[in-house]
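**Q** Return a 3D structure for these sequence lines:
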Amino acid sequence: METSVQNCQKQPLKDAMLLPCFYNAPISWYSLFYHTSEAVDIEICDHYSKQTYRNRCRIAGANGPIDLIIPVIKKHGSKVLMKDVRIDHDSPWQKIHWRGIMSAYASSPYFEFISDSYAPKYAQKYSFLYDLNLDLIATTSDLLNLSKEFRTSAEFSKQAASSAILSSIHPKRDFSYPGFSFKPVKYHQVFFDRYAFVEDLSILDLLFNEGPNSAAILSSSLINTE
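**A** Model (predicted):
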């Protein structure tokens, strides 16, 4: 089988925090990413799970939260590693996602300043899901002014196998990352006049609405319980 990285040859970082490889990850994911003083190890050698943030992100639409889902090529009857998941380009999903992002955030305070950083990602045709996700993580890190070192896993880690870390941040479950408690900080959202504050949306929601104040909100959203 062709893979996006030969044998997952990129080495994990010593004492790195382990995080799943998400698409425009939610604020809780970036709170962990921001909080750690150690390096970050992005797991790409785990089995791909459906209905997770690996191929979807949640934004604030005019009528409530919207999930933007990247179509992937399904292999029936066999488990696929995250590093081998291919994006299905049979539909114009990139145009649909970017249109959805523009519709949701064009009127936000920082859209004009930030959108140019993300637009090229929706014009480039990625073969593998993890490649897109990592590019978006790097772009977001730059916008947050984070000089964070992160690499991809070399193999399915013992840390992941012995804990629920990779399922700690999930669209249908409360945050439960070992050693940390997530306490969402309220901030101005585009459609605040239509419905109540929505917790833990994609990092895009925070950046477009709060811009340079985003890092301070991430810092205040997580409590170390150890």
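**Q** and the host helix or strand of H97, what does it pack onto?
**A** Here H97, judged by DSSP states H and E, is contained in helix 93-105. Taking 3 or more C-beta pairs under 8 Å, 6 or more residues apart in numbering; DSSP states H and E as contact, the helices and strands that helix 93-105 lies on are strand 56-61, strand 64-69, helix 111-118, helix 203-210. Using the backbone N, CA and C atoms, a C-beta is placed for each residue, glycine as well.
**Q** Pick the most deeply packed of these.
**A** helix 203-210 (a mean of 26; mean count of other C-beta atoms under 10 Å).
**Q** could you give the mean pLDDT of the helix or strand following it?
**A** Next helix or strand after helix 203-210 toward the C-terminus (DSSP H and E): helix 214-220. Average pLDDT, helix 214-220: 95.
**Q** And for stretch 132-144?
**A** 96.
**Q** still on that earlier bit, relative to S141, which of the helices and strands packed on helix 93-105 is closest?
**A** S141 lies closest, by C-beta to C-beta, to one member of those: helix 203-210, at 10.2 Å.
**Q** helices or strands next to that closest one in the packing?
**A** helix 27-35, strand 56-61, helix 93-105, helix 111-118, helix 129-143, helix 214-220.
**Q** how far is the fourth one from where the chain is centred?
**A** To tie it back to what came earlier, the one meant is helix 111-118. Centre-to-centre, helix 111-118 and its host chain are 17 Å apart (C-alpha atoms, centre = their mean, to the nearest Å).
**Q** Likewise for the last one?
**A** Taking C-alpha atoms, centre = their mean, one finds the center of helix 214-220 at 16 Å from the center of the full chain.
**Q** other SSEs contacting it?
**A** Against helix 214-220 (3+ C-beta pairs under 8 Å, 6+ apart) you get helix 27-35, helix 203-210.
**Q** want to try JSON lines for those, with mean pLDDT as columns?
**A** Output for those, formatted as JSON lines (pLDDT from 0 to 100):
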{"stretch": "helix 27-35", "mean pLDDT": "93"}
{"stretch": "helix 203-210", "mean pLDDT": "98"}
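**Q** Let me have the ones you listed in CSV, extended by distance to I165.
**A** What follows is those, written out as CSV (distance: least, C-beta to C-beta, whole Å):
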stretch, distance to I165
helix 27-35, 10
helix 203-210, 19
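**Q** Nearest to A16 among those helices would be which one?
**A** helix 27-35 (11.3 Å).
**Q** Nearest residue to the middle of the chain?
**A** A25 (1.9 Å; C-alpha atoms, centre = their mean).
**Q** mind listing what that residue touches?
**A** Going by C-beta atoms under 8 Å, 6 or more residues apart in numbering, A25 touches 33, 53, 57, 137, 169, 202-203.
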